[in-house]
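# Take a look and give me a structure for this.
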Amino acid sequence: MPSKCSVPACRGNYDESTKVAVFSFPNDERLREKWLHAIRRTDFKITKNSKVCEKHFKDGEVLRNSTFYNEKTGETISAPLKRPKLKENAVPSIFPGCPSYMSSSSAIRESPSKKRQRLEQEQINFAVKESLNSKHEYELKTMFINFAEFRNCIKGHSFSSFWTVVEKNENMLFFNLSLKDDIPSIKYAVSVSNDLMLNASFMGERISKYKKVILPIKVNNLNEIFDILEYFEKGTIVESESSLNDKIHVIESVIKNAEDIFTDKNKFFFEFFLEQLHLLKCKPERYRYSPNILVFASLLFYMSPQAYKFLRNSHYMILPDPSTIRKIGTILKNSPQTEEYTNFLVYAKHAFHSLKDDDLKVFLMIDEIHIKPFLDYKGGNIVGMAYNSSNLATSVQVFMLQSLFSPYKDVIHIVPIDTFDASKLFDLMKKVIMGLEEIGFKVMGMVTDNNSINRAAASNFANPPKLQVKYDHPADKSRPLFYVIDSVHILKCVRNNWLNNHKNGYYSKNGGLQEKQDLITEFLLLKEISHPNIVRLLGASTEKNGQFYLIVEFAEMGSLRSYLRKRRRHNNCCKYNATYGFELPGPMEGSRDYYQFPCERSRHEPNHSYFHKEQLSFAWQIAKGMSYLSDMKVSTMVQYS
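Got it, this is the predicted structure:
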C-alpha cells in the first residue's frame, strides 16, 4: 500500500485517483528542519513512514530522467528513471489548500555550468539539423536514377581540361586525348551508357578493375564518376605509385583480348604467363595451380628434386611446394608397396570443399606419361622407384578430372609405375572412381587413349570382360559409367606409327628355311584378307633362285595416305553420330544426329592440309582396317604392316 502524504490538507495517495510519488524526509538535520518549517505542522514527529508527495515541489526539483553528457560528441543522452527522485537541497514550497503565505513562488536558478551545457547542446542540435538539410540538398544535385537525370546533373558541373565530355547515341563519353608524333590518340576513356553502366579503357584495352571495384559497374551518383575520373587523371593505373594488382589487371586484359591471335605453338606459353601473373597477386598460402603446371612440376620434381629446388629458390617462376606434389602423387620409397589409404586422394579431398555443385559431375581422364628413370636421395628417402615394383619408375599414370558443366579441370592423382598390365590398371581405375564417389564427386565416365592396355582395363568393368561404351557404375549399379576413347590420341598414334614410319618389315636374304616357311604361311593368310581399307594381296610367285614376288592391288594414288583418301569416296564418307561417335552408314543414316563431312580435296591444291573433320574421317578408316585385322587374328601381319 503506497505511503500517504504528511502535509496538512493534502490527499496524496489517500484514494485511487490521487496516486503520486512520495519522498522520505532527508537524513541531514539542517535540511530536515527546513522541511518541518515549510510544512508548519505543530507537534509533528517524523517516522520512517512519514512522506511528502511530489505536489509540494517545483517541477525543476523532481528528477524524472537521468542525463549523461558525452564530451567527445557534445551530445546529452537522457533515460527515464524507474522512480522519481529529488534534487539535492530541495525543500517543499507548494501547499495547495493552505494559506498563501506557506507557498513560495520563487524560481529555481540554473547553475552556470548547466546553462552553458544546455546552450551548447542547442547549438549542436541546430548544426546537425543544418548539416542534414545541406546533405539532402547536395544529394538532390548529385543523385540520379535514369540517364535523363544524369544528363541534367552533368550540366551543372565543370570538369578539368584533362577530360573531353561528349554525348553520343545516349552515351556520355569522357576521354583524354594525347599526341605522339603529331598523331592524336585516346589514352583514357570512360563511358556511361543509357542504362547507367560505367566502362573504362586504357589505350583501347578494357580495364576490368578500379581499386577494389570490378568494372563495369552501375552508377547513380556523380561522386562515383568523379572518383574514377580523378583516379585515371592522376595516372594511378600506369605510374610507379600504382599498386601491383592494378598493373597486373591491365596486362591480363591486354593478353586475354588478344587470345584470338594465339597459335597452338605459343598458346601454352601465354597460359603459363597469365597463370604466373595471377599467382603474383596471391599470398603463398592461397596459391592454386592449373593441371598443366601440376603435371609439369610433378615430372620435374620426380626427375630431379635438387634441380626443382634450385628452380623454385631462383624465383624465376612460381611452382608448387614439394609437399603439394607429394599430396597429389604417391610418395616414392625404396621398396614396392601399396599406397596408404589415409593419404589416398588427399588432394581431391582438400579441393572438394572449395568446389560448387556444377563442378562435381566429372569425367575421369587417364593418361600415361613416360619419364626418364632416375634415382635420387631426398629427405632421408630414396625417390624414383615405381610403387608397383622394385624397379625405377619409367612412366607416371596421371588421373585428371574434367567437369561436364563448368570449366573446372584438375589433376587429382599421379602414380609412378614401371610396367602395368590391364588387371592392375583396372584395379587402380576402380579404386580412384570409388574414392572420388566417397568424397562426393559424381564420376560420369572415363576417357583414355586407344592403347590396348587401357581398352582391356576398361573392358573389365563388364562381366565377362567386354569392350563397350556403357558399363554399370561400380559405386551404384543403377547408374551408367561411360567409356570414351580420346580421338586426339588416335590421330597422334596414326601419325606417329603410320605416316612417319619409314621402316618396312622384311626377312634377311640369308634367312633360314624356317623363316621362308613362315613367310609363305603369311602369304596364304594375306590372300584371305578382303577389306576396302586394306591393300589386297592378289598372289605370289617364286623363281628358281628362291626370289619371292608379290602381286598386290594397284594403288593409283601412290602413297598409303593418298590411297585411303581415294577409298573414302567409295565409303560415301563417314557419318558422325552426336551420341556415339563415328559409325558406318546404317539404319540411322537419315537421323538428324548424323552429319556428312566434306570428303575430298584436290591433291594439287597448294599448301594442302587436312581439316579437323577430314582427320577424324582418316583415323576412322584406319580404325576400320585395324579392327578387321584384329577380328581376323592376323597378329603377324599386323606387326609387319
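# which SSE is residue 150 in?
helix 147-155 (DSSP states H and E).
# Pull the residues that contact the helix or strand following that helix.
The first helix or strand that comes after helix 147-155 along the chain, using DSSP H and E, is strand 164-168. Strand 164-168 has contacts (CB atoms under 8 Å, 6 or more residues apart in numbering) with 151, 154, 159, 172, 173, 174, 175, 176, 177. For every residue, glycine as well, the C-beta is placed using N, CA and C.
# List the neighbouring strands of the next helix or strand after strand 164-168 plus their orientation.
Taking DSSP H and E as the definition, the helix or strand that follows strand 164-168 towards the C-terminus is strand 171-180. Its sheet considered, strand 171-180 pairs with strand 164-168 (antiparallel), strand 183-192 (antiparallel) by DSSP bridges.
# residues near residue 36, how many?
Applying other CB atoms under 10 Å, we find 13 other residues in the vicinity of residue 36.
# ok, it to residue 94 distance?
Between residue 36 and residue 94 the computed distance is 16 Å (CB to CB, to the nearest Å).
# hmm, back to that, tell me which of the strands paired with strand 171-180 is the most buried.
strand 183-192 (a mean of 17; mean count of other CB atoms under 10 Å).
# Starting from the helix or strand just after that one, tell me which strands it pairs with and how they run.
Taking DSSP H and E as the definition, the helix or strand that follows strand 183-192 towards the C-terminus is strand 197-202. When pairs are called by DSSP bridges, strand 197-202 turns out to pair with strand 183-192 (antiparallel), strand 205-206 (antiparallel), strand 217-218 (antiparallel).
# okay if I get the strands paired with strand 171-180 as TSV plus mean pLDDT?
What follows is the strands paired with strand 171-180, written out as TSV (pLDDT from 0 to 100):
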stretch	mean pLDDT
strand 164-168	83
strand 183-192	83
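# export those strands to TSV and tack on distance to residue 227?
Formatted as TSV, the entries for the strands paired with strand 171-180 read as follows, by distance: least, CB to CB, whole Å:
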stretch	distance to residue 227
strand 164-168	16
strand 183-192	11
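# Now for the residue lying closest to residue 388 once chain neighbours are set aside, how many residues are close by?
Across the structure, with CB to CB, 6 or more residues apart in numbering as the measure, the residue nearest residue 388 apart from its sequence neighbours is residue 417 (5.6 Å). Residue crowding around residue 417 was assessed by other CB under 10 Å; the count is 20.
# And for residue 160?
By other CB under 10 Å, the residues close to residue 160 number 8.
# Buried residues, stretch 393-408. List them.
Across stretch 393-408, burial judged by 16 or more other CB atoms under 10 Å covers 393, 395, 396, 397, 398, 399, 400, 401, 402, 403, 408.
# Nearest to residue 130 among the residues you listed?
Distances from residue 130 to those, taken as CB to CB, are shortest for residue 408 (57.1 Å).
# How far away from the center of its chain is the longest helix along the chain?
Here the longest helix in the chain is taken by residue count, with DSSP state H as the criterion, and it is helix 112-142. Relative to its parent chain, helix 112-142 has a centroid offset of 49 Å by CA atoms, centre = their mean, to the nearest Å.
# average pLDDT for that helix?
Helix 112-142 shows a mean pLDDT of 79 in the predicted model.
# relative orientation of it and helix 147-155 in degrees?
Taking axes from the mean of the first three to the mean of the last three CA atoms, to 10 degrees, one finds helix 112-142 and helix 147-155 inclined to each other by 110 degrees.
# could you say what helices and strands helix 112-142 packs with?
Helix 112-142 makes packing contacts with strand 75-86 when contacts are defined by 3 or more CB pairs under 8 Å, 6 or more residues apart in numbering; DSSP states H and E.
# between the strand it packs on and helix 112-142, how big is the angle?
Angle between the axes of strand 75-86 and helix 112-142 is 140 degrees (criterion: the same axes, to 10 degrees).
# Would you give the sheet partners of strand 75-86, along with the direction of each?
Here strand 75-86 has these sheet partners by DSSP bridges: strand 62-70 (antiparallel).
# The strand it pairs with: which residues count as buried?
Under 16+ other CB under 10 Å, the buried positions of strand 62-70 are residue 62.
# nearest residue to residue 288 other than its sequence neighbours?
In space, not counting the residues next to it along the chain, residue 288 is nearest to residue 282; the distance is 7.8 Å by CB to CB, 6+ apart.
# Would you mind measuring from that neighbour to residue 275?
To residue 275, residue 282 is 11 Å away according to CB to CB.
# neighbour count winner among these two?
When residue 282 is set against residue 275 and neighbours are counted by other CB under 10 Å, the residue ahead is residue 275, at 17 against 11.
# and the more buried one, what does it touch?
Taking CB under 8 Å, 6+ apart as the definition, contacts of residue 275 comprise 289, 290, 293.
# Of the contacts of strand 164-168, select the buried ones using a PyMOL command.
Buried members of the contacts of strand 164-168, identified by 16+ other CB under 10 Å, are gathered into one PyMOL selection as follows:
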select buried, resi 154+172+173+174+176
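# Go through the contacts of strand 164-168 and name the one nearest residue 31.
Of all those, residue 154 has the smallest distance to residue 31: 71.9 Å, by CB to CB.
# quick revisit: run through the bridge partners of the residue nearest to residue 388.
Under the criterion used here (DSSP bridges), residue 417 is bridged to residue 395.
# Got the phi and psi for residue 367?
Taking degrees, to the nearest 10, you get phi -150, psi 160 for the backbone angles of residue 367.
# Look up the closest residue to it, ignoring the ones flanking it.
In space, not counting the residues next to it along the chain, residue 367 is nearest to residue 398; the distance is 5.3 Å by CB to CB, 6+ apart.
# Okay, and the one you found sits in which element?
Using DSSP H and E, residue 398 falls within strand 395-403.
# before we move on, the earlier item: how close does the residue nearest to residue 388 get to residue 393?
Applying CB to CB, one obtains 6 Å for the distance of residue 417 from residue 393.
# Mutual contacts of these two, please.
A shared contact of residue 417 and residue 393, defined by CB under 8 Å, 6+ apart, is any residue touching both; here these are 386, 387.
# Flag every buried residue along the host helix or strand of residue 349.
For residue 349, the enclosing helix or strand under DSSP H and E is helix 346-352. Judged by neighbour count (16+ other CB under 10 Å), helix 346-352 contains these buried residues: 347, 348, 349, 351, 352.
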